[in-house]
Every structure is written in C-alpha cells, then in structure tokens.
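1. generate coordinates for the sequence data below:
(chains A and B)
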There are 2 protein chains.
Amino acid sequence: MTTHIEGGICAPQGFTANAVIAEVKPGRKRNDVALVYAEKPCNAAAVFTTNLVKAEPVKLSRKHIADGKAQAIILNSGNANACTGETGSQNALRMAKAVSANLPVKTEDVIVCSTGVIGQQLLVERIEAKAAELVKGLSKTGNELARQAIMTTDTVYKEVAVETQIGGKKVRIGTMAKGSGMIHINMGTMLGVITTDCAISSAMLKAALEESIKGSYNCVTVDGDTSTNDTLCILASGMAGNAEITTQNEDYAAFLSALNEVNVEMAKKIAGDGEGAERLIECVVTGAASVESARKLARSVISSNLVKAAFFGKDANWGRILCAMGYSGEKFDTGKVCVSFVSKAGKVDVCKNGMDVDFDEDFATKVLSEDAVTIAIQCADGSCTGTAWGCDLTYEYVKINGDYRT
Amino acid sequence: MTTHIEGGICAPQGFTANAVIAEVKPGRKRNDVALVYAEKPCNAAAVFTTNLVKAEPVKLSRKHIADGKAQAIILNSGNANACTGETGSQNALRMAKAVSANLPVKTEDVIVCSTGVIGQQLLVERIEAKAAELVKGLSKTGNELARQAIMTTDTVYKEVAVETQIGGKKVRIGTMAKGSGMIHINMGTMLGVITTDCAISSAMLKAALEESIKGSYNCVTVDGDTSTNDTLCILASGMAGNAEITTQNEDYAAFLSALNEVNVEMAKKIAGDGEGAERLIECVVTGAASVESARKLARSVISSNLVKAAFFGKDANWGRILCAMGYSGEKFDTGKVCVSFVSKAGKVDVCKNGMDVDFDEDFATKVLSEDAVTIAIQCADGSCTGTAWGCDLTYEYVKINGDYRT
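-> A predicted model of the protein is given here:
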C-alpha cells in the first residue's frame, strides 16, 4: 500500500533541488534551469528516446549513466540542444561541468536534460553564470521551483510522491516530469526525473524502470511525434535503510508496484495536459489475447487523429475507434468487439459485436463532455487488459504548434 | 510521352458512366450513387485496404475481382457500409444485383465501393429504387456526374485522363478518386477507379497496379488513419487494339509509365485537398540508401502532426523535420542532412549538415505561404530518391472531424 505525500522529487531522503532564471530562451524571464542533487552518489538508471536524431544531452547522459551511477541532474527548458553538432556536444558537457565545479560531484555523475526548440545553439554561458546561485539555493522545498522550471507548453506542473513499506522500512518515491507536446509511445517521451531512497542495485533499478514504463509512459501519446530529447532518469539514494534489493524478490515486487503507481499517475497527467487538450482520454482494452496486444490496440485508438478530433467535438463516432483498432496490426475478432464510453456523467454503450446499438445521442454527448473520458473496449480474444492515455485534438493544438518556434 | 485529355474515366474506349441522387445519407440531396460501366467484360485488378476491419463492399469486391474480371463499378458516398454485419453484407450484394438486374452484366462482375460514415446501415433500397435511372443515363460524359457523386468532404473532384502510344496504338487511361479524410499510406487509401482501353492481361494489370501505387497512393497521407473502405480498381477494355500485354515487355513499361503518371497526379490532388488543408506539402528525399528508405523518410516527415502544424503556421521549423526522420525507423547520417523549402516564391536553405544555417525568416515565411511547398531533403547515404505528399494540419481539419457524423 502506498500513501501520497508532498515534496515531489525532494520527498525521498537525501535529495534537494532548486531552479533559477537563466533566460536560456532570450526574453523568457522565468525559472528555466533546474538542479536535482543527491547528497551522495546514487545507483541510477535511465531510458532515452529511440529517435535516431538524439539531442546532445541525451548522448552525454547515456555515457554518464552507463556505470549505473549518478548524483545530480541538471535540466533546462527553452532550448533542446538538438541538431547542434560539436558545439552542442560541448555545451551539454559544460552544463555538467557547471554542476561539478560547484558541488562535490564528478562530472561523469551529472545527467543533463534539455527541452525546447530544436536546432538552435544553447546559450550555455547563461547557465554557467547562474550555476553557483543554482547550487546555493538547493533545498528540500526546491521541488516547487524545479517542477516549474522544466515546463515548456505545459499548463500545469506534473509531480507525484508516494510512501510505501519495503522490508519493514518507510520508502519514498518522488517524481516530476515535463510533458505537453512531441509526446509519443516509443519510450520516455518527455523529460522525467524519479528519486527514491530505496536501497536497490543499479541493475534492479534498471529492470524496474524498463518494466514500469511499458504500462505507463509507453502508453501515452499526445501527437505521435517521438522527441529527440526524451529522458527518464531514476536515482536511488539507499537512505531508507531497507536491505538492498539485488534480485527480483518480494521487496523488488513492492518497489516495482509503487513505481508503476507513480508512473501511471504521471502518464495520465501528461496525457491530460497534452498541448491544447480539453480532455484526458483513457482507452481500456479488455478480453485481448495478450497484454501487449491489448496495449497496442489501446495505443492505436488513442493515437488516431480522427478519434481525437471526434472527442474534441464530443461526437460518439465509434466507427473511427474500430477503424483505428483495425490498422493497429493486431488480430482480433472484429465481429465481437463492444465499445462503451464512460465518464463521471455515466456510461453509454455505442457498439456491440462490431455493430451499432441504439443509444441516446444527447446522453452520449453529456458523457463525452467531461474532463476525463474512458473508452472501454471489450474484445473476445482472451483475458488480457491494456490501457493507454491520450487527449483530444483541438484548435489550440494547431495554434500552439503553428507558431511555437518564433 | 503522354498527353492530358478530357473525359476522365469515360475517356478510354468502351466506358460510360452516370450518377443519380439516391439520398443515401438522409437529407443530403446531391448525386451520391455512381456507376462506371464497360460495354464488355474487362480484365481487372484491384487493391484494397489493409485494415483488419474491412467494410462489407470491400469483402464482396475482393471476391468478385478474384477471377481478374469485372465489367461495372457501383459506388456510393454518404455511408461506408462498414461495421454493419450480415445486413451490411447483404446490402453490398444488393448494390451489385441492382446493377446486374438492369444491365447485361453478371453480378460477380460488379465491383461495389462505399464511403461515408462507419457503423450505420446502408439505406440500400434507395439505391435499388434508382438503379434503372442510373443505368438509363449512362453516357460518355457521365464522368462529370460520377466524379462528383463519390465526393465526401472533398472540396474539388479528382480526375485525370491521358493518352499515350503503346504498340503503335493510341491508348487511354482515365481515373477518378475520392480523397479528403481517413487517408494514409498503407495502400489505396481512398476510393479510386481507373479505366483503360489498353489490351493487357489481368495478371499484368495487377502487377502494374501494385507497382504503381508504391510511389503514388502509398506515399500520401492526410491524417494517418487507414480507412476501412480503401479500394482502387482498374478495368481494361482492350479496345485500343494494341497487341495484348502478357509479359513485362516494352509495352508493359510504357503502360506502367503512363499509369504512374496518372496515379502520382491523383495522389497530389488528394494530398492538396486533404481535409481542411490550406496547402499541399511535397517531401522529396534525395541521396538515400534505397528508394524504399527515401520514401519511408519522406512519409514520416509528411505524417508528423508537428510538421503539419508548423506548415499551417508558415513556420520554418526544420528541427521537427529532422525529428520525424529520426523516428522513421530508417538509418541515415544525421550529421549530413540538408533541408530546403521550395515554392513558387523561391528556395530557402534552413539546415545544412544536420545544423542550423542563417536564413531570412521573412523570406522563409514567403516561401511557405504558397499553395504548394516542397521540403527538399538531401541525405548523404546513397543515390536514391523518394517523394511523399501530404498537407498542413489546420483548424478546419479539427472542425470538420469534430463534427462529421452528425
């Protein structure tokens, strides 16, 4: 059992954070550089974008985390430092060095994350100039600044922290992430930091992280675009005092369960705050042949522009849902699919055995008007379930992305 | 060499067409049922949607064309007859029978195509009631009615006809298609009819059709949704009097070349008239390792919501283009990619060797403001070229698809 607590990334023992205004994007005077710091080197793991075009901080951070150790994470918004070549590579390293120059941490133990416009050189000297101030302000309430500093077109910050029991000890997990646009299902799909005071080996941390994203971050889409900068990094301070988890034992299962809970909650937050989104759409597929098949079907539905636009219009257009299932690449009995829409306003069945059922259009519109709507899809191919999260496609999405760079 | 001619699907010898108002979609009083008729049985071939959820007319037409013969095609807009079960299956057959009851043609030689809303039963008796009138009005200028009758949210009809020389004879190819929404790159991606008076075997016709769509219809996307109804059908009357093409000889090459020309022109028409589109976007990738790789890269760029939204905003956001190439699954040297935008207003280089170049933003906006813009991408991985076509993502797309069904 987990309990939600305050403190985000600073909730687990051993972590502090801070953020400063560096004006990485000229003219944007808001906190835009964040630091998460562990008082001692941590076991660490990370997953990165699968995009062939990788941002420079991604390339650097992959090297720095290869040994399963990290102690600090510096993040900036306002510039992605992607498609920036050798200068960009140097600039990512300079961000890491700006941390190690001001703290007792090795440059190789600093993870670097950037988010923002692709293809413009990072004004790294602005970050360097603020590094001392950034370090000086590290505190246990710094999560409140850091969670804001990493936002781009996000309208709300995304943060979760929970407490659970592992091996008789209180263990905490905290996380923050930046979502919004260029979000798709192939891995990480944003910038995210997870901290924990659980004692767990780097190998088990990596296993848990990779397992956990399958049903959380890998099941979120906003616009189908996999970014160049996706990074999800987890640091474990070990200060909870539990017996270190080094195999997939009962304690590992408890840790994974809490991590899943945190990541699913964050995935929903990201989907619900997708660029321009008016509502969170959850798609739950039951009765599938396998979990992977259920997730793939759910992701295909959630990724469809036509489905997303129909939800914007509160239109119970279930035909588009079956269409999107049909091109998912998964096999299913098309003549046995049932579809319902569920929200706080109630439940409306719209498709039975692959065909139309009579339903009250006015009531359906009411169900679809809520802030969060679930598409419940029942297949007759097995007993497995999978869930994916997305949002509607709105005028605002088009507006935001028609004029983002300038 | 081909010459463009008038007449569309009626241009080749042996074909007539017509359309009538059947009000398949209640209240929509416009031509909505079309018939294309060949005065004698034709060699024929077709490609159909790869969607697992196939509309009933698709299932029927696959059976009817299996023997490589067809003589008539009946098409309706206003209802897709998809997800309609056994009743839908009967209704598709009734459409074919409505033709064979009024013309000297076997039911098995009638191809049936439907487009419109998914999941509502087709009011087939309305089509049956108008079948005699539909047949009676068949004429050599009927293409003008038929090309309109198949439109849904299309704003302009799509029609092309060309004349060429094959084996010393004048050969004609005519075509019409319905495009607009639920258009993606996995095959046919719309309803299309191609007629020709070329003498060519069913096997060669099938080979030519399948080869031709690779660089035309398979390289078009509007919204990434592969429909349940995609059908592209070709009928060859053989009346041009050329020696029948039965192998992939010189005559076959000439026929394929003309067919490619026609299909590429149609693909561009469909992309340019994508739902809500303000401009046609062409993406040409050169210097790729293979033609397939070039096409896959081009298709990934053209499919990106973020790229499409940037074009709507006339924003020279080339970073999103590299990002979309990066998640295409294709390998390329990311540090050697060059990108330019080209239109009637001129050419602007925006990325060189994977990085930013200085360019005049005002001039770039001018280039991007034209009705048709080409994204020219130069890779350094080989000598192959591929092209794909799409359109921008606009408020109007969201509007159309937020309220299509009701």
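
2. how about the residues of the stretch 201-350 of chain A by chain B?
-> A:223-228, A:303-306, A:309-310, A:312-313, A:315-320, A:322-328, A:330-332, A:334-335 (Cβ under 8 Å from any Cβ of the partner chain). Heads up, the C-betas are built off the backbone N, CA and C, glycines and all.

3. narrow those residues to those in helices?
-> If you go by DSSP state H, those have A:303, A:305-306, A:309-310, A:312, A:318-320, A:322-326 in helices.

4. include pLDDT and neighbour count when you put those residues into CSV, please.
-> Formatted as CSV, those follow (pLDDT from 0 to 100; neighbours: other Cβ atoms under 10 Å in any protein chain shown):
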residue, pLDDT, neighbour count
A:303, 88, 22
A:305, 86, 26
A:306, 86, 25
A:309, 88, 28
A:310, 89, 25
A:312, 90, 25
A:318, 92, 29
A:319, 89, 28
A:320, 89, 28
A:322, 92, 25
A:323, 89, 31
A:324, 90, 27
A:325, 94, 26
A:326, 89, 25
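
5. what residues go with each domain of chain A?
-> Listed by automatic domain parsing, the domain ranges of chain A are A:3-272, A:280-402.

6. in this structure residue A:33 contacts residue A:23, no?
-> No: at 9.5 Å, residue A:33 does not count as touching residue A:23 under the criterion of Cβ atoms under 8 Å.

7. so residue A:342 lies in a strand, does it not?
-> Yes: with DSSP: H, G, I helix; E, B strand; the rest coil as the criterion, residue A:342 is located in a strand.

8. separation between it and residue B:201?
-> 55 Å (Cβ to Cβ, to the nearest Å).

9. following element in sequence after the one helix or strand residue A:95 maps to, please.
-> Applying DSSP states H and E as the criterion places residue A:95 in helix A:85-100. For helix A:85-100, the following helix or strand on the C-terminal side (DSSP H and E) is strand A:110-115.

10. just the CA coordinates for that following strand, please, in CSV.
-> Taking Å, rounded to 0.1, in the frame of the first residue of the first chain, the C-alpha atoms of strand A:110-115 are listed here in CSV:
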residue,chain,number,x,y,z
VAL,A,110,25.9,14.5,-13.7
ILE,A,111,22.9,13.8,-16.0
VAL,A,112,22.0,16.6,-18.4
CYS,A,113,18.5,17.1,-19.9
SER,A,114,17.3,19.8,-22.2
THR,A,115,13.9,20.6,-23.8
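
11. does that strand reach chain B?
-> No: figure legend: strand A:110-115 not in contact with chain B (Cβ under 8 Å from any Cβ); closest approach 12.2 Å.

12. same for that strand, what does it pack against?
-> Counting contacts by 3 or more Cβ pairs under 8 Å, 6 or more residues apart in numbering or on different chains; DSSP states H and E, strand A:110-115 packs against helix A:56-65, strand A:69-77, helix A:85-100, strand A:191-196, strand A:231-236.

13. as TSV, these with mean neighbour count and mean pLDDT would be great.
-> Converted to TSV, those look like this (neighbours: other Cβ atoms under 10 Å in any protein chain shown; pLDDT from 0 to 100):
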stretch	mean neighbour count	mean pLDDT
helix A:56-65	22	97
strand A:69-77	25	97
helix A:85-100	20	97
strand A:191-196	30	96
strand A:231-236	29	96
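
14. between these, which gets nearest to residue A:140?
-> Proximity to residue A:140 (Cβ to Cβ) singles out strand A:191-196 among the helices and strands packed on strand A:110-115, at 11.8 Å.

15. neighbouring strands - and their directions - for the closest one?
-> strand A:169-178 (antiparallel), strand A:231-236 (parallel) (DSSP bridges).

16. residues in contact with it?
-> A:9-12, A:15, A:36, A:38, A:73, A:75, A:113, A:115, A:150, A:171-178, A:209, A:217, A:229-237, A:240, A:255, A:259, A:262-263, A:266 (Cβ atoms under 8 Å, 6 or more residues apart in numbering or on different chains).

17. any of the residues you listed buried? List them.
-> The neighbour count (16 or more other Cβ atoms under 10 Å in any protein chain shown) marks A:9-12, A:15, A:36, A:38, A:73, A:75, A:113, A:115, A:150, A:171-178, A:209, A:217, A:229-237, A:240, A:255, A:259, A:262-263, A:266 as buried among those.

18. find the closest residue to chain B in the stretch 51-200 of chain A.
-> The stretch 51-200 of chain A approaches chain B most closely through residue A:118 (2.6 Å), counting by Cβ to the nearest Cβ.

19. wait, a helix at that residue?
-> No: per three-state DSSP, residue A:118 lies outside any helix segment and is coil.

20. give me every residue that touches residue A:95.
-> So residue A:95 contacts A:57, A:74, A:76, A:110, A:112, A:114, A:124, A:127 (Cβ under 8 Å, 6+ apart).

21. looking at the residues you listed, which one is closest to residue A:389?
-> Looking across the contacts of residue A:95 and measuring by Cβ to Cβ, the closest to residue A:389 is residue A:114, at 25.0 Å.
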